[in-house]
Every structure is written in C-alpha cells, then in structure tokens.
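Colleague: Got a sequence here, can you build the structure:
(chains A and B)
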Amino acid sequence: MTADHQRSKQWLLTLPSLAWLGVFFVIPCVLVVITAFRPADLQGGIAEGWTWDNIHMLSDPSYVPVLLRTLWLSVATTLLCLALALPMAFQIARVGPRLRQFLLLLVVIPFLSNFLIRVFAWKSLLHPEGPLTKLLISLRLAPEDAILLNNSGPVLLVLVYTQLPFAILPLYAAAEKFDFGLLDAARDLGAGPWRAFSKVFVPGVRRGLISAAIMVLVCSLGQYVIPQMVGGASDEMLGSKIAQRAFADRNLPLASALAAALMLAALVPMLLAAAWQRFGRKEAAS
Amino acid sequence: MKRSWFPALLTIGVIAFLFAPLVVLVANSFNASRFGGEWEGFTWAWYEKLWAADEVWESLMITLKIAFSASVASMLLGTLAAYALHRFRSWLQDVHSMLITLPLVMPDILMGMSLLALFVLTGVETGLLTIWIAHVTFCLSFVTMVVLGRLQDFDFTLIDAARDLGATRVQAVKKVLLPLLLPGVLAGGLLAFTLSVDDYVITFFVSGPGTTTLPLRVASMMKTSRSLPVINALSTLLIASTFVLAALSFRLQRRA
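Modeller: Presented below is the predicted three-dimensional model:
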C-alpha cells in the first residue's frame, strides 16, 4: 500500500470524530473566551465591540469570596479524598483477587447511580426532619434545634462523597502495580508501619496520586448542584454564579468570563501535572 | 509481620459511607413517613403517586429518545475514533487523542456553558437537537476509551490469517474484526446510554421549552418539598435500572 493511500485512509477514519470535537468542543471553548471580552446588551444578547469590564468584574467584592470559597472547598475535598483513598487503595491491592473484585464493585456501584439522586439522598438524610438529624438529637450529639443543612459543612461532605471514587480508582490502579515486598523490606530495616506507608508506599504510587488529585480537584471546581442543594446562600461556588449569570439574568458575557476563570483554574493543575510527568520521565531516562 | 488493622477498618467504613445514603433513600421510598425521619410503616403510596404522575413518564420518553439516538451516534463516531487511534501513530493522532481525552476531565458546567455560547452565537434554538449534540459530544470520549481498551486486546494476526485463507479486506473486517469487537462497542454504547440518561448539568444549559428530560424533571421536583417521597420512589427505580444496565455492560466487557 502506498504512503498516500495510508494517509488518506487515516484522515478518513479520523475526520468524523475530529470534526465533531472541533465544532462542538474546541470552537465552543474558544467562543467562551472570546465572549468574556464582549459587552452584554440589555436583551440578553451580546453587543458590538470589546471590553475588559467582565474581567474586571471578577475582582468585584461579590465574586472574590466565591472564587476563594470554590478554591478552598475544592482543595479541601481533594485532600480529604486522597487521605481516605490512599489507605483504601492500599488495602484493596493487598487482598486476594476475588475479594478485590468484590471491593472494587462495591466502590463503583453507588457511583453509577444518578448524581442528582446521590446529592438528593444526602439532602433528605440531613433534612431537619430527616433520619440523621433525629438520630444525632436522640443520641444527644446535637442540640434539639440542630440544622445540618445549608452551611459549608454538608457541601464539603457531599463533595467528598461524590468525588471519592474518582480518587480511589486511579490510586488503586497504581497500588495494584506496587511491589509490596518493598514494604516488608522497609519494615525489616526497622521502619514502623506508618513510616513504611508514608515513605515507601505513598511515593511508590505518586503517579496515581497525581491523577487522582487532578480528577477530584477539577471536578470539584466546577460543581454547582451540590452547593445549590445542600448549601446555603453563602456557600455558592463559581459554578453557581455561572448558572445564575447565564440563566437568571441572561448575561452571557459575564457568565463566559466566570467560565473562563474556571477553565483557567482547571487548566493550571492539569498543565502542572503534565509538565511534572514529562520532567519526571526525562529525569528517569537520563 | 503484624499488619495494621487500620486500612481494613477504614475501607469498611468508607464503603458503608458510600452506601448509607442510598440505602436510606431506598428504604424511605417504602416508608409512610413524609420526611423519613422515623419508620411509620410500609407503604406503596409513593409508587402509586409516581405511577399517576404523567409528566414524569413524558420526561422519561424524551430522555430515552435522546439517550438512544445519542448512544448510537457516539458508538459510530467512537468506534471509528478508537480504530484510528489504535491503528496509526502520527501527529494527527496525538491531536486526536488529546481532543478525545480533554472532555473526560472537563467540568460539566464548562461543557454546558461553552455549548450554550455556541448555540446562542450561531442562533440555533435550544431543544431536542442541541441536547442530542451535547450528549453525543460527551459520550464520544467514553465510547472511544472503552472500544480502544477492547482493540488493545484484539489479536490483529487474526485478520492476517483470514486474508491468508482468501478473505478479501472487506470480508476480513466484516467477518472477523467486527464480531470480535462488537461486545466492546456495545459496552461503550451502554455506557453512553447510562451517561446520557443521567446527565443533568450539561442538559440544563442546552435544553429548551418542551425538552424536560428526566433529570431536569427530577431537579425541579426536588425544589418543591411536596413531592419528596415520590422522588424517593422514582430514585429507587432509577437506581435499580442503572444497576441492570451496569451489570449488562460488565458482562459484555468481560466476555472475550
């Protein structure tokens, strides 16, 4: 077969998905960035000309706390998920193959049910008339008038709940390849269990650790259903503001500016991880 | 050497944490109490109310229509994409592979917002078509990944063998490659179907009048506390059907 033939065959096979993603993924992302620099008109459309106003709005007192809250909630979610997922991945990778399959299935099953339903399940669990509130009051762990909903506590809790499988699965994939003999060696050489875990196991699965952290961080940054359903008015995240600007007051340019900020916040950790991986590979090769 | 009991205990705790809210929700769908704080006796009442809620079943039909057409389209596009990614090594495939993986890590709200921007700026009215486009876009990457996994296990010498035995190129693809690839393609399609049925955030951004899919309907029901136990009943049915689909998909992927 000639090289020309091969090339045209390659293009023919690649073009459908490439064109689809070009039109419905790349162009829309570029449009969001462009729209962030356009003024809004009063009819909910986009006016002529260019402006920095939407970008300046991001430093407005009504947005800065939201940006900061989004960042801290996402970082806290990431750290909590990793802290729970690391020992879990360690445990799942150490048991026999049958139990391992079963445990993985148990992790994935709740994850497969509808996202809205999982958040709703927490909302009714934490409801003032709901089972958890009643239980805590009857155990005298909470005051009679305890309100578990509508503050940043449940937002963080449900964020961790929904993102946890994203941390467990990549960490497990890394732990599965880890040579557990190294841990025994560390223990033989006098390291305690915690020291062996933190100095040998954790560095051993760092690739999985990075991809788990990125997945959880990026997914948390874009949340808006969770703060809307279990949080109060002062727990809004960046995503809530994007939805409000896009629908409640039809200000597409401002919504785009917020979305562009989110895009940037999501891209930075991804690029850092990519750079780290490339750098790490070169270092290992030399 | 003595192993620490801590990771095992934590694993059990986390799995209980993952299941607890769903178990309570399912139990409460049979609970006569409105808020489910206490057990007030077994009832089918919420399921009966759900059965009578016509708007829910209308939404289900819209959802199924979109999910079916979106998974068929993403199966076709995704299978071609996976084949190209597997078969060729070039700068084009590097770009291709990046474009396929990026939507997997992109927050839903960004995909919804950017598609909304596209449709507003090009003057396309939001509705069934725009939801379908959005669903094909996010399903495409998942289908590609599933089929690619299948292709990596595929023994391409089988194609050579078929050719040696006198099959034409088309025959080899049709009689050898496709049947062996089919379970992977179907598993990808099932995953796409599940994702499409489940999606709320992206659909919310690109939906129009008269296109209230099931998740959109559920979300609006959740805002009024009047129908809370009915949502429990609906959620229980949805959870059950997701499990059936998931089990089917695992089956297909494992059969090799």
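Colleague: remind me which residues of the chain are low pLDDT?
Modeller: Just so you know, I chose chain A. Within chain A, the segments meeting pLDDT under 70 span A:1, A:141-142, A:144-148, A:280-286.
Colleague: Let me rephrase: I mean chain B.
Modeller: Along chain B, segments meeting pLDDT under 70 span B:1-3, B:37, B:225, B:253-256.
Colleague: Disregarding flanking residues, what is the spatial nearest neighbour of B:A162?
Modeller: Once flanking residues are discounted, B:A162 sits nearest to B:A172: 4.2 Å by C-beta to C-beta, 6 or more residues apart in numbering or on different chains. For glycine as for every other residue, the C-beta is placed from the backbone atoms N, C-alpha and C.
Colleague: Got phi/psi on the one you found?
Modeller: With angles defined as degrees, to the nearest 10, B:A172 sits at phi -60, psi -40.
Colleague: Spatially nearest residue to A:E48, not counting backbone neighbours?
Modeller: Counting by C-beta to C-beta, 6+ apart, A:P39 is the residue found nearest to A:E48 once chain neighbours are left out, at 7.8 Å.
Colleague: isn't B:N28 right next to B:G36, touching?
Modeller: Yes - contact criterion C-beta atoms under 8 Å: B:N28 and B:G36 qualify, at 3.7 Å.
Colleague: Between the two, which is the more surrounded one?
Modeller: Ranked by neighbour count (other C-beta atoms under 10 Å in any protein chain shown), B:N28 and B:G36 place B:N28 first, with 28 against 24.
Colleague: what's near enough to touch that one?
Modeller: Neighbouring residues of B:N28 by C-beta atoms under 8 Å, 6 or more residues apart in numbering or on different chains: A:124, A:131, B:36, B:229, B:232.
Colleague: for the residues you listed, which one is nearest B:I159?
Modeller: Minimum distance to B:I159 across the contacts of B:N28 is 51.8 Å, recorded for B:N232 (C-beta to C-beta).
Colleague: pretty sure the residue nearest to A:E48 contacts A:G45?
Modeller: No - the criterion here is C-beta under 8 Å, and A:P39 misses it with A:G45 at 10.3 Å.
Colleague: any common contacting residues for B:N28 and B:G36?
Modeller: A:124, A:131, B:229, B:232.
Colleague: Now, of the residues you listed, which are buried?
Modeller: A:124, A:131, B:229, B:232 (16 or more other C-beta atoms under 10 Å in any protein chain shown).
Colleague: Taking these, tell me the two that lie furthest apart.
Modeller: Taking C-beta to C-beta, no two of those sit farther apart than A:P131 and B:P229, at 13.4 Å.
Colleague: hang on, the earlier thing: which ones among the buried ones among the shared contacts of B:N28 and B:G36 lie within helices?
Modeller: Those of those mapping onto helices are A:124, A:131, B:229, B:232, per DSSP state H.
Colleague: The first one against B:L22, yeah?
Modeller: No - taking C-beta under 8 Å as the contact criterion, A:S124 and B:L22 are not neighbours in contact, 11.3 Å apart.
Colleague: Just list the residues touching B:S196, thanks.
Modeller: B:63, B:66-67, B:70-71, B:135, B:139.
Colleague: Would you reformat those as CSV and include secondary structure and distance to chain A?
Modeller: What follows is the contacts of B:S196, written out as CSV (DSSP: H, G, I helix; E, B strand; the rest coil; distance: C-beta to the nearest C-beta, whole Å):
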residue, secondary structure, distance to chain A
B:T63, helix, 11
B:I66, helix, 15
B:A67, helix, 13
B:A70, helix, 12
B:S71, helix, 15
B:H135, helix, 11
B:C139, helix, 11
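Colleague: Residue in the stretch 101-250 of chain B with the shortest distance to chain A?
Modeller: Nearest residue of the stretch 101-250 of chain B to chain A, counting by C-beta to the nearest C-beta: B:P107, 2.3 Å away.
Colleague: Next, that residue: phi, psi?
Modeller: Phi and psi for B:P107, reported as degrees, to the nearest 10, are phi -60, psi 140.
Colleague: Please apply the same query to B:N31.
Modeller: When read as degrees, to the nearest 10, the backbone of B:N31 gives phi -100, psi 130.
Colleague: any idea how far chain A is from it?
Modeller: 10 Å (C-beta to the nearest C-beta, to the nearest Å).
Colleague: quick one, domains of chain B?
Modeller: B:1-43, B:50-254 (automatic domain parsing).
Colleague: Nearest residue to the middle of the chain?
Modeller: Picked chain A for this. Closest to where the C-alpha atoms of chain A average out (C-alpha atoms, centre = their mean) is A:C219, at 2.3 Å.
Colleague: please go with chain B instead
Modeller: B:L195 (1.8 Å).
Colleague: and the residue in the stretch 151-286 of chain A that chain B sits nearest to, what does it touch?
Modeller: For the stretch 151-286 of chain A, the residue closest to chain B is A:G222, as judged by C-beta to the nearest C-beta, at 2.3 Å. Counting by C-beta under 8 Å, 6+ apart, A:G222 touches A:238-239, A:262, A:266, B:107-110.
Colleague: same deal with A:Q228?
Modeller: Taking C-beta under 8 Å, 6+ apart, one finds A:236, A:240 in contact with A:Q228.
Colleague: In a markdown table, list the contacts of B:S196 along with neighbour count and distance to A:T162.
Modeller: Listed next are the contacts of B:S196 as a markdown table, based on neighbours: other C-beta atoms under 10 Å in any protein chain shown; distance: C-beta to C-beta, whole Å:
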| residue | neighbour count | distance to A:T162 |
| --- | --- | --- |
| B:T63 | 23 | 21 |
| B:I66 | 24 | 24 |
| B:A67 | 23 | 22 |
| B:A70 | 27 | 23 |
| B:S71 | 26 | 24 |
| B:H135 | 27 | 21 |
| B:C139 | 28 | 20 |
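Colleague: farthest pair in those?
Modeller: B:T63 and B:C139 (13.9 Å).
Colleague: Isn't A:I117 up against B:S235?
Modeller: Yes - taking C-beta under 8 Å as the definition, A:I117 is a contact partner of B:S235 at 4.4 Å.
Colleague: Now do the shared contacts for those two.
Modeller: Counting by C-beta under 8 Å, 6+ apart, the common neighbours of A:I117 and B:S235 are B:25, B:218.
Colleague: host element of the residue nearest to B:V72 when sequence neighbours are not counted?
Modeller: Nearest residue to B:V72, sequence neighbours excluded (C-beta to C-beta, 6+ apart): B:G189, at 7.2 Å. Per DSSP states H and E: B:G189 is located in helix B:178-198.
Colleague: close to chain A, is the first helix or strand past that helix going along the chain?
Modeller: The helix or strand immediately downstream of helix B:178-198 is helix B:201-206, counting by DSSP H and E. Yes - looking at helix B:201-206 against chain A by C-beta under 8 Å from any C-beta of the partner chain, the contacts come from B:201, B:204-205.
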